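[1] Quick one, structure for this:
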Amino acid sequence: MKRIYLSPPHMSGKEQRYIDEAFETNWIAPLGPHIDAFEKQMAAYVGTADAVAVSSGTAAIHLALQLLGVGTGDKVFCSSFTFVASANPIRYCHAEPVFIDSEPETWNMSPLALKRAFEDADRRGELPKAVIVVHLYGQVSKMDELMALCEQYEVPLIEDAAESLGSTYKGKQSGSFGKFGIFSFNGNKIITTSGGGMLVSDDVELLRKARFLATQARDTAPHYQHSSMGFNYRMSNILAGVGRAQLEVIDERVAARRAIFDHYVRAFSTRQGVSFMPELSGTRSNRWLSTLVLDKGETDATVTELLATMEAANIEARPLWKPLHLQPLFEGTRFYAHAGEVAVCERLFESGLCLPSGSSMAFVDQVRVMDCMNEVFDKAAEKSAQSA
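    Below you'll find the predicted structure:
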């Protein structure tokens, strides 16, 4: 059986035209008309004043932190329930991450936990230089509450919207709320440039500085002169051409992934102990990945069994993100829980699963995934009945 991947790249067929144009005009370097156009088109789509195309979403976060003056000894609050790339740039700046728990309605940063973290930091005289909020699996966070807290303490917010391009909160695109928004175009994202990212903001002057820093901070001079440290973070014109073609079909990609999510929900709606990632009222998720959690009190099926059975059937699935405060890399870092003794993000990690969700996924392949899962659920139900 062919392998079913979690979230493979999905080309539109229009990319080659832009790539050919880059070759024909010899715009191969990290500058050119595709870069300029891609940035303008992304800013228009997201609804920000400007955008800067860079080599990765991680690079975009790093630049945002640099622009906010984050440095040695500073604190940065960050979602714990996310991929490591959300927090690594904090360490690049020699700053200290402080991790914030999730809440049940979005699985994203808990306003209650963030409030406690701010109050504690205020008492210590150690307010953070920034807050990094992640929009997980395409679901936008509770931005009204989170933004209000950041404004109260006058701390800038960075939206890690790497997984949420095309998602909205009260009709507004993710990535357009904070001081900066970042997007990823990695091969597994909802649109891809194979590798790449975007930094967006309404602060045009800071984005001008971002372009300067991303191109090795070269001063204006006839020779190579550098007065500050920069980075090799710019996107190539070829990849920007791929991004332009991908952005043209973003609405189709969102619709396809939402349809896949709906198929999964309908297929398992009668299964006890199975629930899918919620969609907060007033938001529209791109459903980048279809994710579920198992209630151990209602089903004997386990994430381990589901993963093993699907892998044996040549189907790629993944556990939910392991919280960053549990990672060996961040051992000893401070963490603020939502409520109760067990953190929300820890419970999600222990009981959650990401299902194949690629927008090019054929329905017959989705049926194959669902049949495989039903096999596990049926065996668990039978085992439970026998032991009753």
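[2] Packing partners of the strand or helix carrying Leu213?
    Taking DSSP states H and E as the definition, one finds Leu213 inside helix 204-214. With contacts taken as 3 or more CB pairs under 8 Å, 6 or more residues apart in numbering; DSSP states H and E, helix 204-214 sits against strand 50-54, helix 57-67, strand 197-201. In this view, the C-beta of every residue, glycine as well, is placed from N, C-alpha and C.
[3] Could you provide these in CSV, with additional columns for mean pLDDT?
    What follows is the helices and strands packed on helix 204-214, written out as CSV (pLDDT from 0 to 100):
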stretch, mean pLDDT
strand 50-54, 98
helix 57-67, 98
strand 197-201, 98
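[4] for Cys372, helix, strand, or coil?
    helix (DSSP: H, G, I helix; E, B strand; the rest coil).
[5] Am I right that it is in contact with Glu316?
    No: using CB atoms under 8 Å, Cys372 is not in contact with Glu316; the gap is 11.7 Å.
[6] overlap in contacts of those two?
    Both Cys372 and Glu316 are in contact with Met310, where contact means CB atoms under 8 Å, 6 or more residues apart in numbering.
[7] Which parts of the helix holding Leu213 count as buried, going by neighbours?
    Residues 206-207, 209-211, 213-214 are the ones in helix 204-214 that count as buried (16 or more other CB atoms under 10 Å).
[8] Kindly report the same for stretch 189-202.
    Buried, per 16+ other CB under 10 Å, within stretch 189-202: 189-193, 196-202.
[9] Next, please give the residue ranges for the helices of the stretch 151-300 of the chain.
    Remark: helices assigned in the stretch 151-300 of the chain by DSSP state H, counting those that start in this stretch are 204-214, 237-247, 250-267.
[10] Please identify the most buried of the ones you listed.
    helix 237-247 (a mean of 25; mean count of other CB atoms under 10 Å).
[11] any idea how far that one is from the chain center?
    Relative to the centre of its chain, helix 237-247 is centred 20 Å away, using CA atoms, centre = their mean, to the nearest Å.
[12] in the worst-scoring helix or strand of the chain on mean pLDDT, what's buried?
    Of all helical and strand segments in the chain, the minimum by mean pLDDT, DSSP states H and E falls on helix 363-387, at a mean of 92. Neighbour counts over helix 363-387 (16+ other CB under 10 Å) mark 365-366, 368-370, 372-373, 376-377, 380-381 as buried.
[13] Farthest-apart pair in the residues you listed, please.
    Spatially, the most separated pair among the buried residues of helix 363-387 is Asp365 and Ala381, at 24.8 Å (CB to CB).
[14] can you tell which of the helices of the stretch 151-300 of the chain is closest to Arg284?
    helix 250-267 (8.3 Å).
[15] tell me the mean pLDDT over the closest one?
    Summarised as a single mean, pLDDT over helix 250-267 is 98.
[16] got the contact list for it?
    10, 45, 138, 165-167, 190-191, 276, 285-288, 290, 292, 355, 357, 359-361, 363, 366, 370, 374.
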